[in-house]
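Enquirer: Generate coordinates for the sequence data below:
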Amino acid sequence: MTVKVAVFGAGSIGCYLGGQLANAGLHVTFIGRRAFQKDLNLNGLTLTHWARDDIHIPAEAIQFETNPESVQNADIILVTVKSQDSAQAGTEIANYVKDGAVLISFQNGVGNVEALQNALGKPSILGAVVPFNVTATAPGHFHCGTEGNLTIADHANPNVKHLQDAFARSGQGCDRVQDILAVQWGKLLVNLNNGLNTLHGGTLKTALVQAEYRKALALSLEEGLAIVKASGVTPANFGKASPEKMIKMLRLPNILYKPLMNTVVKIDETARSSMLDDLELGRRCEIDYLQGAVVDLAKSLGQDAPINAAIMRAVKTAFAKGVSPKMTGTEILEITRR
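Expert: Okay, here's the model as predicted:
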């Protein structure tokens, strides 16, 4: 029997994940906005990767819907909406999730499983982490510009193993772990770069080659790491380096950093944060679930997170204006000192 998968919130990440599963032979229903439906119906779905072969799925082989009831036959539902939309997503699909279905939250942040749980009341909601960057480069065309294996909370349901195997058939590594919260916090700390990249307004590489930009990112990571550890969680490594090692690397001078740049996480020349994409496309900002999560956790511990709070304010200002301020590394570092 073919495992049926629904991707709820099929934007860049959802189309990329669902496309890999469809390529591996699973029955995939994409559920998202009409604009994406139109793009895929006209152009099909093309997935490119900085180091792997392209995948193309013709338009006639794609099932793309716009209504939440389309999840009703799915054995596995991948939730890929933005974090701020988790509660609403859970409410929309609550009456259509069939008994025994497994929901997997492939979203940024650490509170999405709880938000979905509160809305759905279903027991099988698993946390997951997408470590890589995906950008829409043309209608129906999505490019992965960084490396990394997916991570899913381990679960006894055999369909989770089927999902893992399907990703592997498309060349996408997928790990199952017991402590998904540690992985989520490890990814969230790395994702603190999304806000800085939005302020910079360029690619990840053009930002990270600036020593002052890296110093600002190191300060943000350092503050976040201390707060997460104070809460009793030890964040998992992201890529090949621990958070502590990553902070040390970010503080290296250019002459030492540049040769190491791709040893932790490989990044191609075009990769940039999805938050910068959201800004340019007029979408809502996810900063409350990144820097904001650090600030909120600090408050719950009776502490402050002034560096991440300052970055959060600057990003919200950029979204209010609808344009990146295109700051230099020096200007971003100055924000952390206010």
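Enquirer: Could you use CA atoms for every contact and neighbour count after this?
Expert: Will do.
Enquirer: Which of the three states applies to residue 7?
Expert: What DSSP: H, G, I helix; E, B strand; the rest coil gives for residue 7 is strand.
Enquirer: got the contact list for residue 17?
Expert: Residue 17 makes no contacts at all, as judged by Cα atoms under 8 Å, 6 or more residues apart in numbering.
Enquirer: Spit out the contact partners of residue 45.
Expert: Here residue 45 is in contact with 15, 19, 56-59, 62, 140-142 (criterion: Cα under 8 Å, 6+ apart).
Enquirer: repeat for residue 176
Expert: With contact set as Cα under 8 Å, 6+ apart, residue 176 has these partners: 151-154.
Enquirer: and with 10 Å instead?
Expert: Residues counted as contacts of residue 176 (Cα atoms under 10 Å, 6 or more residues apart in numbering) are 128, 150-155, 160-161, 164.
Enquirer: what's the answer for residue 79, then?
Expert: 6-10, 14, 31, 86, 89-90, 103-107, 112-113, 116, 125, 127-128.
Enquirer: among these, which are in helices?
Expert: 14, 86, 89-90, 112-113, 116 (DSSP state H).
Enquirer: Could you identify which of these has the most neighbours?
Expert: When neighbours are counted by other Cα atoms under 10 Å, residue 112 leads the ones in helices among the contacts of residue 79 with 27 neighbours.
Enquirer: and residue 51, what is it in contact with?
Expert: Residue 51 touches 144-147, 266, 268, counting by Cα under 10 Å, 6+ apart.
Enquirer: Report the buried members of the residues you listed.
Expert: Among these, the ones that count as buried by 16 or more other Cα atoms under 10 Å are 144-147, 268.
Enquirer: can I get these in JSON lines with distance to residue 254, secondary structure and pLDDT?
Expert: Converted to JSON lines, those look like this (distance: Cα to Cα, whole Å; DSSP: H, G, I helix; E, B strand; the rest coil; pLDDT from 0 to 100):
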{"residue": "144", "distance to residue 254": "26", "secondary structure": "strand", "pLDDT": "94"}
{"residue": "145", "distance to residue 254": "22", "secondary structure": "coil", "pLDDT": "84"}
{"residue": "146", "distance to residue 254": "21", "secondary structure": "strand", "pLDDT": "84"}
{"residue": "147", "distance to residue 254": "22", "secondary structure": "coil", "pLDDT": "83"}
{"residue": "268", "distance to residue 254": "18", "secondary structure": "coil", "pLDDT": "78"}
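Enquirer: between these, which is nearest residue 94?
Expert: Within the buried ones among the contacts of residue 51, proximity to residue 94 (Cα to Cα) peaks at residue 144, which comes in at 31.2 Å.
Enquirer: which residues in the stretch 101-250 of the chain form strands?
Expert: 102-106, 125-129, 134-138, 141-144, 150-153, 174-177 (DSSP state E, counting those that start in this stretch).
Enquirer: so what does the fourth one touch, helix or strand wise?
Expert: The elements that strand 141-144 packs onto, with contact taken as 3 or more Cα pairs under 10 Å, 6 or more residues apart in numbering; DSSP states H and E, are helix 12-23, helix 34-43, strand 45-49, strand 134-138.
Enquirer: Which stretches in the protein count as helices?
Expert: Remark: helices assigned in the chain by DSSP H are 12-23, 34-43, 86-93, 112-120, 158-169, 180-200, 204-208, 211-230, 243-250, 254-264, 274-280, 291-300, 306-321, 329-336.
Enquirer: rank the ones you listed by pLDDT, which is bottom?
Expert: Mean pLDDT is lowest for helix 254-264 out of the helices of the chain, coming in at a mean of 80.
Enquirer: Can you point out the buried residues in stretch 278-297?
Expert: For stretch 278-297, by 16+ other Cα under 10 Å, it's 278-279, 285-297.
Enquirer: I'd like the distance between the residue sitting nearest the centre point of the chain and residue 81.
Expert: The structure's the chain has its C-alpha centroid closest to residue 108; by Cα atoms, centre = their mean the separation is 4.4 Å. For residue 108, the distance to residue 81 equals 9 Å [Cα to Cα, to the nearest Å].
Enquirer: again, but for residue 37
Expert: Separation of residue 37 from residue 81 (Cα to Cα) stands at 15 Å.
Enquirer: more crowded one of the two?
Expert: residue 81 (24 against 21).
Enquirer: Pretty sure that one sits against residue 14.
Expert: Yes - counting by Cα atoms under 10 Å, residue 14 is a contact partner of residue 81 at 8.1 Å.
Enquirer: Let me see the domain layout of the chain.
Expert: 4-178, 181-336 (automatic domain parsing).
Enquirer: re the thing from before, from the contacts of residue 45, which is closest to residue 70?
Expert: residue 62 (13.8 Å).
Enquirer: Can you add distance to residue 261 and give the helices and strands packed on strand 141-144 back as JSON lines?
Expert: Formatted as JSON lines, those follow (distance: least, Cα to Cα, whole Å):
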{"stretch": "helix 12-23", "distance to residue 261": "24"}
{"stretch": "helix 34-43", "distance to residue 261": "34"}
{"stretch": "strand 45-49", "distance to residue 261": "19"}
{"stretch": "strand 134-138", "distance to residue 261": "19"}
